[in-house]
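>>> Sequence and predicted model, in that order:
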There are 2 protein chains.
Amino acid sequence: MQDELMTIREMCDAFDVTPRTLRFYESRELIFPERRGQRRLYDRRDRARLTLILRGKRFGFSLEQIRQLLEFYEPGGDNLHQIVATLNIGRDRLGDMERQYAELGEAIQDLKAQIVEAEARIAAMTRDTHED
Amino acid sequence: MQDELMTIREMCDAFDVTPRTLRFYESRELIFPERRGQRRLYDRRDRARLTLILRGKRFGFSLEQIRQLLEFYEPGGDNLHQIVATLNIGRDRLGDMERQYAELGEAIQDLKAQIVEAEARIAAMTRDTHED
DNA sequence: CGTCTTCCTTACGTTCGCGTCAACTTGTGC
DNA sequence: GCACAAGTTGACGCGAACGTAAGGAAGACG
């Protein structure tokens, strides 16, 4: 059961990133591809993690924040203290994301209002032009 | 009508940024405070722009993207072509933000599910411990 | 066997967003 | 008048997130 292993190039093509980026994420302990000799091989789990990494980046999270989130998505520690700790990290991140979600909603409303206004200005200008 | 002018220090205290940050934003043409002699003085408009800047940063936008957004929030050009151009920039950003909003919503749901799962694991562990 | 391609490591370079001095001007109180 | 606080302009520094070039290993192919 090879679990759909992919080479670094296949990963780059699939996710639109460079090899350098994948190696960099690995150096920061965000992904842990297998090694067949020297070569890296990425499985389903690595792809899932990379998806979350790129998503997190789009939200403006740092790689370190994302690393903590990933840690949360994978069981990790086996003792209660560890699990509670990562749970709290998850809750913190959730709080961040919910705040950001709410704020983004407002920003979208503001921007929409501005767009409507701009459209009105354009309508007025073209109307004036045609009535000239 | 002084329009509530504030010094750089008052701005820093109000927005929790450093003077360096405000001067840096100015160098990147994000804000344009008046000058009384050498000293900078910030009015209501500058504060509104700074609010949008800090908000944009929280969303992970670059200062350049934010600059374009700000350009959109202020009339700017007086000819039709200019206005249409900035309108399109605004629409692009709106699209970005709406995509991000939707994705963030999903991410929040995912994370919530993970948290519930982690809570269940903790409940099971403590129950086992107490039943020992 | 040599060559080609793909990957590897090492390491220095780059951009963004400021932090951190250093040295100078400018009101402000005493 | 003179110290002092607040502000100013360079200029260099720094961490994050990669880009990029140099040199080497390793399997595939004719």
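Great, that's in hand. Just so it is clear, the structure is predicted and the values come from calculations on it, not from any experiment. Numbering: from 1, shown residues only, chains lettered A, B, ... in the order given.

>>> Now do whichever helix or strand A:Ala120 is part of and helix B:80-131, the angle between them.
With secondary structure defined by DSSP states H and E, A:Ala120 is part of helix A:80-131. Here the directions of helix A:80-131 and helix B:80-131 differ by 160 degrees (axes from the mean of the first three to the mean of the last three Cα atoms, to 10 degrees).

>>> Do helix A:80-131 and chain B come into contact?
Yes - counting by Cβ under 8 Å from any Cβ of the partner chain, contacts between helix A:80-131 and chain B involve A:80, A:83-84, A:86-87, A:90-91, A:93-94, A:97-98, A:100-101, A:103-105, A:107-108, A:111-112, A:114-115, A:118-119, A:121-122, A:125-126, A:129. (Glycine included, C-beta is placed from N, CA and C.)

>>> So what's the model's average confidence on that helix?
In this model, helix A:80-131 has an average pLDDT of 89.

>>> hmm, it touching DNA strand D?
No - using Cβ under 7 Å from any atom of the strand, helix A:80-131 stays clear of DNA strand D, with a minimum separation of 14.5 Å.

>>> which helices and strands sit right next to that helix?
The contact analysis (3 or more Cβ pairs under 8 Å, 6 or more residues apart in numbering or on different chains; DSSP states H and E) places helix A:80-131 against helix A:63-73, helix B:44-58, helix B:63-73, helix B:80-131.

>>> Next, the residue of chain A at minimum distance from chain B: secondary structure please.
Closest to chain B within chain A is A:Gly60: 2.3 Å, counting by Cβ to the nearest Cβ. Under the three-state scheme (DSSP: H, G, I helix; E, B strand; the rest coil), A:Gly60 adopts coil.

>>> so who does the residue nearest to the spatial centre of chain A touch?
Most central in chain A under Cα atoms, centre = their mean is A:Arg55, positioned 1.6 Å from the mean C-alpha point. Contacts here follow Cβ atoms under 8 Å, 6 or more residues apart in numbering or on different chains; on that basis A:Arg55 touches B:103, B:107.

>>> how close does it get to B:Arg45?
35 Å (Cβ to Cβ, to the nearest Å).

>>> swap in A:Gln65?
Going from A:Gln65 to B:Arg45 by Cβ to Cβ gives 33 Å.

>>> Tell me who's in contact with the residue of chain A closest to chain B.
Counting by Cβ under 8 Å, 6+ apart, A:Gly60 has contacts A:100, B:57-61.

>>> same question, A:Leu69
So A:Leu69 contacts A:52, A:56, A:61, A:89-90, A:93, B:111 (Cβ under 8 Å, 6+ apart).

>>> Max pairwise distance over those: which two?
Farthest pair in the contacts of A:Leu69 (Cβ to Cβ) is A:Leu52 and A:Ile89. Separation: 14.4 Å.

>>> still on that earlier bit, could you flag which of the residues of helix A:80-131 next to chain B are buried?
Buried members of the residues of helix A:80-131 next to chain B, scored by 16 or more other Cβ atoms under 10 Å in any protein chain shown, are A:83-84, A:86-87, A:90-91, A:93-94, A:97, A:100-101, A:104, A:107-108, A:111, A:114-115, A:118.

>>> still on that earlier bit, any chance of CSV for the helices and strands packed on helix A:80-131, columns distance to B:Arg28?
Output for the helices and strands packed on helix A:80-131, formatted as CSV (distance: least, Cβ to Cβ, whole Å):
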stretch, distance to B:Arg28
helix A:63-73, 24
helix B:44-58, 10
helix B:63-73, 5
helix B:80-131, 17
